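S.K.: Structure for this input, please:
(2 chains)
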Amino acid sequence: MKELVLNILKDTRPEFDFNSNLNFIDEGYLDSFDLVTIVSDLESKFDIKINGSMIVPENFNSLDSIVNLVQNSKNAS
Amino acid sequence: MHLKFKNKRISGILSILPSKEVNFIDEITNYNFSEKQSVKLGKIMGYGSRRIVHNGTTVSDLCTFGLNYLFDNNLLNKDSFQALILCTQSPDHFIPATSNIIAGNLMLNEDIICLDINQGCAGFEVGLMQAFMMLDTGAINRVVLLNADILSTKVSVKDRNSRPLIGDGASITIIENSIVDETIDLFIKMDGSGALSLQIPAGGFKMPSSAETASLKEDAAGNVRSLDHLVMKGDQVFNFVQTKVPELFNEMLVKLNISKSFFDYFFFHQPNRFMLEKLADKLEISYEKMPNNICEKYGNGSNNTVPLAICDNLGGKVKNENFEVCLGGFGVGLTWSLVKCKLGNLNFCEIINYK
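M.R.: Take a look at the predicted model:
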């Protein structure tokens, strides 16, 4: 799953290295409109629905947090 | 806050749209993003066509044009209303109130109360609230509510986050006393601590416009705008909508002891397709019952989206039929509001083009 999420991030912002340990939001790798396309891609790739109230910066600030979000959304559906 | 109003009705709605149409695809090269990225975002957000005013056209022009249309077509008598409320965040001037200018353009008689309200995306609901309160005085039996904005003029041409969304337009809603024993329930909340989440930083008395405020700067994401332009903290606004509106919605259902199936339609403000779909999912409301076509078809016209959605989606049908509707507004302020009312037997419900 991690690799698939990483590919989605790279596709959204190819200029950044998402393997780093930096905070994606604080470092400006992703803005709120990037989150929109990432959510759409995650929903399509993993056949899930992400609850609107879960679309907050803290769920997108690292690869692990995004993977957790996908996992939680899978469990909820 | 829960307000109840008795024996009131909406008797007509007219939307006025500028005839100039622009398409997202035609502007895509303005933005500092790859075409592929922008097209993808556009599909998710519902970036499509927008109606915008030509340079020099004002809110008072749109409203005066619409009211003259109603007078000329015998849909409204010039002397039959006692209040003219204008909800806008793009007034002609700071001084005087634009509603007074409109009254002057139309040569309305002096027994009229003109009132401007500074509200955005919940402006239709706030305007209805003000109209209902005026009717409750007993001295007023009909109110004309104007919802109009031309904010396309305040969005940077290089701001891909806001520019493709914003449309212009106006709506005229007639609200009057009714002999039918109906109750309208209006729920409203405001949170001023989030007031600057959506703003135009410069141009007011706190930071007057200057050459410095007009200077364009690129943000971290690659959008280019100045302090004279509209800017929003997208993540904060999105989170506010996804948490506060469902809370108020559930409060409404509990207080009124009704279920979602009570309503035929949910006419909510349409900021963009993605945000409204996520809200519908959260509220577990089918997309068929919550129209979401205005942003893509005409652009997000701020406080004008709800009346425009009614005209576009119900049109002539609402002249002969009755619908139980939930109206919803949320945005700048921060302000959020829901109105439960019956909508039907309107004298008119249509869209016209400005010139």
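S.K.: which parts of stretch B:308-317 are buried?
M.R.: B:308-312, B:314 (16 or more other Cβ atoms under 10 Å in any protein chain shown). Quick note: C-beta positions are derived from backbone N, CA and C, even for glycine.
S.K.: Check which helix or strand the most centrally placed residue in chain A maps to.
M.R.: Most central in chain A under Cα atoms, centre = their mean is residue A:66, positioned 4.4 Å from the mean C-alpha point. In the assignment (DSSP states H and E), residue A:66 maps to helix A:63-76.
S.K.: CA atoms only: put that helix into CSV for me.
M.R.: These are the backbone C-alpha positions of helix A:63-76, laid out as CSV (Å, rounded to 0.1, in the frame of the first residue of the first chain):
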residue,chain,number,x,y,z
LEU,A,63,3.6,8.9,4.2
ASP,A,64,2.7,7.0,7.3
SER,A,65,-0.2,9.3,8.2
ILE,A,66,-1.7,9.0,4.7
VAL,A,67,-1.3,5.2,4.8
ASN,A,68,-3.1,5.2,8.2
LEU,A,69,-5.9,7.3,6.7
VAL,A,70,-6.4,4.8,3.9
GLN,A,71,-6.4,1.9,6.3
ASN,A,72,-8.9,3.6,8.6
SER,A,73,-11.1,4.5,5.6
LYS,A,74,-11.0,0.9,4.4
ASN,A,75,-12.0,-0.3,7.9
ALA,A,76,-14.8,2.1,8.1
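S.K.: List the contacts of it.
M.R.: A:1-2, A:5-6, A:9, A:18-19, A:38, A:42, A:46, A:48-51, A:54, A:58-60 (Cβ atoms under 8 Å, 6 or more residues apart in numbering or on different chains).
S.K.: Next: stretch B:30-48.
M.R.: The contact list for stretch B:30-48, computed with Cβ under 8 Å, 6+ apart, reads A:12, A:33, A:36-37, A:40, B:23-25, B:28-29, B:157-160, B:163-165, B:218, B:222-224, B:272-274, B:292, B:295-297.
S.K.: Could you tell me the model confidence score at the residue in the stretch 1-150 of chain B that chain A sits nearest to?
M.R.: Proximity of the stretch 1-150 of chain B to chain A (Cβ to the nearest Cβ) peaks at residue B:44, 4.8 Å away. With respect to pLDDT, residue B:44 has a value of 92.
S.K.: and the residue lying closest to it once chain neighbours are set aside, helix, strand or coil?
M.R.: Nearest residue to residue B:44, sequence neighbours excluded (Cβ to Cβ, 6 or more residues apart in numbering or on different chains): residue A:40, at 4.8 Å. Assigned by DSSP: H, G, I helix; E, B strand; the rest coil, the conformation of residue A:40 is helix.
S.K.: before we move on, back to that, just the buried ones among the contacts of stretch B:30-48, please.
M.R.: If we count by 16+ other Cβ under 10 Å, the contacts of stretch B:30-48 have these buried: A:12, A:33, A:36-37, A:40, B:24, B:28, B:158-160, B:163-165, B:222-224, B:272-274, B:292, B:295-297.
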